[in-house]
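Visitor: Generate a structure from the sequence data that follows.
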Amino acid sequence: MNSIIDFIIKRYRFCLVIILLISVPLGYYTLEHRFFNHIDIFFNQDDPDLLYYKRFQERYGNEELAVIVFRQKNIFTAENIDIIRRMSDSAKNTAGIQRVYSLSLHEKAVGKDDTITYEKLIPEKNLSEKDIETIRKKALADDIIVDSLVSPDGRTTAILIELEPIKDNEKKRAILIDIMSRSRSIAAEKKEGERVDLKFAGVPYVEVEMNYLSQKDFFTFIPIVFTIIFLIVFVLLREISLTILCQMNLFLCLIWAIGFFVLCGETFNMATIVMGPVILAISVADSIHILSHFRKIRMNAAGSHVSAVGIATKSIWLPCLLTSLTTGVGFFSFITGSIRPVKILGIFTASGVMFAFVLTITFLPSALLLFHKIIERDEKAKIPEATSNRKDISGLLLEKFGNATIAYRKIIMLIMAVVFALSLVGLTKIQFETNFMNYLPDNSEIRKDINFIEENMGGTIPFVMLIHATDENHSFNTAAGLSVVETVQNDLMKKIGQFSTSFSLADYFKEMNQAFNNGNKKYFAIPEKDRDIADYYEIGDPDVLGRLVSADRMEARISFQSKWDSNETANDIYLFIVDYMKKNLGDNYTYKITGLSSLYLDMEYNLKQSQRNSFTLAFIIIFAMMYLVCRNLKLTVISMTVNLFPIALTMGIMGWFKIPLDISTVMIASVTIGIAVDDTIHFVTWYRRNRKHGMDVNPAIVHTYRDVGKPIVITSVVLFLGFFILVLGAIKPTRAFGLLTALAMIFALAGDIILLPALISIFKPRVD
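Guide: Sure thing, here's the model as predicted:
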């Protein structure tokens, strides 16, 4: 490595040209970044639940509904009906829309002679007041549309818009925004009565909102992190030229990381948007260590500018390499998880960290040499001050702090043990959250609209159950098969408060049966004879039937609309359904729960698996790497104990304060151990050097504070601020991740400059 550094110093212009040639295409790809948030991206493409959901979509159609709702004193007026009709027709004629359901498009089965026809609830004609009153009575008496298209009080109505399965997020956003814009224009034309205030909800709108917020957060974080790093580095180095070089290095690190990410075909989402600020916050540590050491050599007038660059780089490359590897391992360990965005974040952040190491030992020395005249001019005013006999104030403070830590080492260990114990109790209280609606900020218009709709109409998230007959004798060609569907549907609607509406093949045939019997409500029931069911299959709408039952009549679909809630509620519902179906379904039928709500719940299991697997892998690899640094098992165990401290404390806080593990906070443990160990490596490396120079344990500890204490504190502050900036984000998991990881950086700093020296002083591990 020293030979490589010598080559870089001799051929620094050549190195800068190579870096520039690599940076230009990566810069182009950086500008081509895109954002995409959809439930699919949170699963591996071979995930069995995702594959089953996709097969369900292929067989029964897309279940994702965009919902437009408005509330008036009376929906059933000529003007309001006209607004509903015009908005429905506008949405129906939009490219990318599969189906639209509304009061103006709803058709009622009517028996005529020996067949059934379907007539619109709202005829296409000028309506008299008497006509409108008749429509109102029919609508509010229709169990199928009450709570789905109209509220029981007749004051709220919904237009349900089913999108085609669209993977292009920009196209989907354009469609939804277009529908929103045109609907608002139509509503604004209302002349009589109160103004129409439209509400928009549904999974597609939540998706688009998450995409918008991800993009907004991305462009918010990076400029702020750059600014904060600039100020901190300038305060540390007190030289504008070195500070600017540090920023240039960080800029290249960012371009390489994001450019490589985009080049590999990846898009940003609510999980991966933290990659940019995280890489900046982590990458600055190596720059600070090299520039601090370089400045220290120059301020002591130890040799020429060129020799100072060489000495600084050769002294720092090994601990920087080790810290980069441990941080990279922390992120790369996400590869063992089941949530794809977390895996992608881990892979490309680990790559970015290694890019940062490469640039730090190539670009920084080369730039220091290229701009040596400017840097030397900056140094001239500082050297006289540095060469005086006055001691550095920060060094004196660190020495006193080190002596105090050694003096009170037993008390420190006792306090830390109590904190550990309380944290472990908190760990047992941790909850999980994968509901995207709960990720939206409280002031989000979409979230407010969803709350309004759930209060006045019902749920907007689909929950699907498929019931499969095990043999043809129990298929859904029979009254017995339809009765099973009806019983399950009715029981679950009664017993699960989160379900607001439902629809199934049983409902469709009950409506047809009533129509065949002159609209007599007594016949709103499943036909008793299998022959009648066969007739209804013949005269039913193939499009509707195709969405309710499989072509072989062996599988039937029940669709529920559920309200958004926590994972805990969703899990309770799932367990209740499993228990209910086990007791009541019998041996002739099996069932499968699918749909978006099911996928959200599956993500909880994936979160748990991801955290367990990634942290285990990270801990094992980092333990092995720490052993290579410490060269002593006792010192390695001490070091790893110190690095478990910030993780336990942070996770304990999550449990005590009911902060859930979600798509972002699941990464905290692995990220923390990967980053926290960096300063431990620097402290242990310099401590071992001092011990090898003949110092006793306690003097070696105190001297280590002077050697590396200041860069450790500064890099920890930078990391704290770099992560803390994420609290400015709009997406709740990002804010929680930023706050908790920022706290973990402070806890890690406390572990490295308080707990680690105290434990070394108490147990006195041998240095080989």
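Visitor: Strands along the stretch 451-600 of the chain, start to end?
Guide: 461-469, 499-504, 555-562, 589-594 (DSSP state E, counting those that start in this stretch).
Visitor: what's the weakest-modelled helix or strand in this structure?
Guide: Within the chain, no helix or strand scores below helix 383-386, which has a mean of 46 by mean pLDDT, DSSP states H and E.
Visitor: Phi first, then psi, for the residue located most distally from the centre of the chain.
Guide: Largest separation from the mean C-alpha position in the chain: Asp113, at 57.6 Å (C-alpha atoms, centre = their mean). Dihedral angles of Asp113 (phi, psi; degrees, to the nearest 10) stand at phi 60, psi -120.
Visitor: now do the one 5 residues further on
Guide: With angles defined as degrees, to the nearest 10, Tyr118 sits at phi -120, psi 120.
Visitor: Run through the bridge partners of it.
Guide: Counting by DSSP bridges, Tyr118 is bridged to Ala109.
Visitor: Please work out how many residues are found near it.
Guide: When neighbours are counted by other C-beta atoms under 10 Å, Tyr118 registers 13. The way it works is simple: take the backbone N, C-alpha and C, and place the C-beta from them, glycine included.
Visitor: Show me what the helix or strand that contains Ile288 is packed up against.
Guide: Here Ile288, judged by DSSP states H and E, is contained in helix 275-299. Contacts defined by 3 or more C-beta pairs under 8 Å, 6 or more residues apart in numbering; DSSP states H and E place helix 275-299 against helix 203-237, helix 240-263, helix 305-332, helix 340-370, helix 383-386, helix 668-692, helix 697-724.
Visitor: Asn698: neighbour count?
Guide: 18.
Visitor: got the contact list for the residue nearest to it when sequence neighbours are not counted?
Guide: Nearest non-adjacent residue to Asn698, counting by C-beta to C-beta, 6 or more residues apart in numbering: Ile406, 5.3 Å away. Going by C-beta atoms under 8 Å, 6 or more residues apart in numbering, Ile406 touches Asn698, Ile701, Val702, Pro757, Ala758, Ser761.
Visitor: Ile406 and Arg706: what is the separation?
Guide: 14 Å (C-beta to C-beta, to the nearest Å).
Visitor: which residues touch the nearest residue to Phe294 once chain neighbours are set aside?
Guide: Excluding the flanking residues, the one nearest Phe294 by C-beta to C-beta, 6+ apart is Ala312, at 3.8 Å. Ala312 is in contact with Ile290, Leu291, His293, Phe294, Ile297, counting by C-beta under 8 Å, 6+ apart.
Visitor: so how many other residues sit close to the nearest residue to the first one once chain neighbours are set aside?
Guide: The reference is to Ile290. Closest residue to Ile290 apart from its sequence neighbours, by C-beta to C-beta, 6+ apart: Ile316 at 5.0 Å. Residues contacting Ile316 under the criterion other C-beta under 10 Å number 22.
Visitor: How is the chain divided into domains?
Guide: 2-41+208-428+601-763, 65-201, 452-594 (automatic domain parsing).
Visitor: want to try JSON lines for those, with distance to Tyr53 as columns?
Guide: What follows is the domains of the chain, written out as JSON lines (distance: least, C-beta to C-beta, whole Å):
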{"stretch": "domain 2-41+208-428+601-763", "distance to Tyr53": "9"}
{"stretch": "domain 65-201", "distance to Tyr53": "11"}
{"stretch": "domain 452-594", "distance to Tyr53": "5"}
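Visitor: which residues touch stretch 324-337?
Guide: 282, 286, 342-343, 345-347, 349-351, 353-354, 356-357, 606, 609-611, 613-618, 621-622, 625-626, 666-667, 670-675, 677-678, 681.
Visitor: if you set the cut-off to 6 Å instead, what comes out?
Guide: 282, 342-343, 346, 349-350, 353-354, 357, 610, 613-614, 617-618, 621-622, 625, 670-671, 673-675, 677 (C-beta atoms under 6 Å, 6 or more residues apart in numbering).
Visitor: ok, now stretch 533-544?
Guide: Residues from elsewhere that reach stretch 533-544 (C-beta under 6 Å, 6+ apart): Thr115, Ile116, Phe509, Met512, Pro527.
Visitor: can you tell me which of those lies nearest to Leu644?
Guide: Closest to Leu644 out of the contacts of stretch 533-544 is Phe509 (61.2 Å), distances taken as C-beta to C-beta.
Visitor: Buried residues, stretch 230-243. List them.
Guide: Going by neighbour count (16 or more other C-beta atoms under 10 Å), the buried part of stretch 230-243 is Phe230, Ile232, Val233, Phe234, Leu236, Leu237, Glu239, Ser241, Leu242, Thr243.
Visitor: the helices in the stretch 401-550 of the chain, which residues?
Guide: 409-427, 445-456, 479-495, 505-516, 530-539, 542-545 (DSSP state H, counting those that start in this stretch).
Visitor: Now the shortest one: buried residues?
Guide: This means helix 542-545. Buried-residue list, helix 542-545, by 16+ other C-beta under 10 Å: Leu545.
Visitor: Just the C-alpha atoms of it, please, in CSV.
Guide: Output of helix 542-545 as CSV, limited to C-alpha atoms (Å, rounded to 0.1, in the frame of the first residue of the first chain):
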residue,chain,number,x,y,z
PRO,A,542,-68.7,-12.4,-18.1
ASP,A,543,-66.6,-9.4,-17.0
VAL,A,544,-68.1,-9.3,-13.5
LEU,A,545,-68.0,-13.1,-13.1
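Visitor: next one: that helix to chain centre, how far?
Guide: Chain-centre distance of helix 542-545: 38 Å, with C-alpha atoms, centre = their mean, to the nearest Å.
Visitor: before we move on, back to that, determine which two of the contacts of Ile406 are furthest apart.
Guide: Longest span within the contacts of Ile406, C-beta to C-beta: Val702 and Ala758, 12.8 Å.
Visitor: Who has more neighbours out of those two?
Guide: Neighbour totals were compared for Val702 and Ala758, and Ala758 leads with 25 against 21 (other C-beta under 10 Å).
Visitor: residue ranges with poor pLDDT in the protein?
Guide: Residues of the chain that meet the criterion pLDDT under 70 lie in 167, 169, 301-303, 379-392.
Visitor: about what we covered before: quick one, which of the contacts of stretch 533-544 are buried?
Guide: Using 16+ other C-beta under 10 Å, the buried ones in the contacts of stretch 533-544 are Ile116, Phe509, Met512, Pro527.
Visitor: which residues touch the last one?
Guide: Looking back up the chat, that one is Pro527. Neighbouring residues of Pro527 by C-beta under 6 Å, 6+ apart: Asn513, Ile533.
Visitor: The second one now?
Guide: Contacts of Phe509 were listed using C-beta under 6 Å, 6+ apart, and they are Tyr536.
Visitor: With adjacent residues omitted, what lies nearest to Val697?
Guide: Looking at Val697 with C-beta to C-beta, 6+ apart, the closest residue is Lys764, at 5.2 Å.
Visitor: and what of Ile177?
Guide: Ile177's closest residue in space is Val208 (C-beta to C-beta, 6+ apart), at 7.7 Å.
Visitor: Touching, the one you found and Leu176? I think so.
Guide: Yes. In this structure, Val208 is within contact of Leu176 by C-beta atoms under 6 Å, at 5.5 Å.
Visitor: Asp49: neighbour count?
Guide: Considering only other C-beta under 10 Å, Asp49 is surrounded by 18 other residues.
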